[in-house]
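*Asks:* A structural model of the following input is requested.
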Amino acid sequence: MAEFDVNVTGIDEIIRMFERAPGIVAEETGKAMQASLDTFQQAVMLEWPVSSGAGRASTTTEVNGTPVNLTGTVSTPLIYGWPVEDGRAAGRMPPVEAIELWVIRKRLQWSYKDRPMTTHQMAYVIARAIGRGTTRFQKAGGAKMFQAGFDNALPEVEAEWDRLLDRVIARL
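*Replies:* You can find the predicted model right below:
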């Protein structure tokens, strides 16, 4: 009967490295998700139509889940965020008072039959157009700032995830 001994040096270190692997993978996955959301958020913010800047400033990110099942969200809590994204269906007029503030901020000045319109009159005309579904955003189906931002940022985000395995291996 023949016998032989094998002595593998460093096997203990390899075992310790793989014991740390789940924590390293979790850390690096979380970092990749946050970096991805930051990239998407910046791209979406650049696409927002700007009136007061409130839309851009309201764009937020959130990460949920576990390292093997992460979900990231880029969104806005503003009530008018999704109608700006997708357009607003024709129907009831929005409140004229809400449009008046926008008219004031934009410093609009219109006239009708050579007579200047009041802020309220301009706001009413705009609200009526929104109610009829005849604004350019409605005709275009919305501003699509989230969709455009995601499309623009996707190559950078994909590259971030492609580098994930390299970062994990380097840390092990």
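
*Asks:* Tell me the buried residues in the lowest-mean-pLDDT helix or strand in the chain?
*Replies:* Lowest mean confidence among the helices and strands of the chain (mean pLDDT, DSSP states H and E): helix 136-140, at a mean of 75. Buried residues in helix 136-140, counted by 16 or more other Cβ atoms under 10 Å: 137-138. From N, CA and C alone the C-beta is placed, and that goes for glycine too.

*Asks:* quick one: contacts of it?
*Replies:* Applying Cβ atoms under 8 Å, 6 or more residues apart in numbering, the contact partners of helix 136-140 are 49, 84, 87-90, 130, 133, 143.

*Asks:* okay, among those, which ones form the most distant pair?
*Replies:* Farthest apart among these by Cβ to Cβ are 49 and 90. That separation is 19.6 Å.

*Asks:* circling back: what's the next secondary structure element after the least confident helix or strand of the chain?
*Replies:* Using DSSP states H and E, the helix or strand that follows helix 136-140 in sequence is helix 145-162.

*Asks:* what helices or strands is that next one leaning on?
*Replies:* Packing contacts for helix 145-162, counted by 3 or more Cβ pairs under 8 Å, 6 or more residues apart in numbering; DSSP states H and E, involve helix 11-47, strand 69-75, helix 81-86.

*Asks:* Run through the bridge partners of the most centrally placed residue in the chain.
*Replies:* Note on the chain: the residue nearest the mean C-alpha position is residue 74, at 3.5 Å, using Cα atoms, centre = their mean. Counting by DSSP bridges, residue 74 is bridged to residue 61.

*Asks:* How about the contacts made by the closest residue to residue 68 other than its chain neighbours?
*Replies:* Take residue 68 and drop its neighbours on the chain: the residue closest to it by Cβ to Cβ, 6 or more residues apart in numbering is residue 29, 7.9 Å away. Listed by Cβ under 8 Å, 6+ apart, the contact set of residue 29 reads 67-68, 70, 164.
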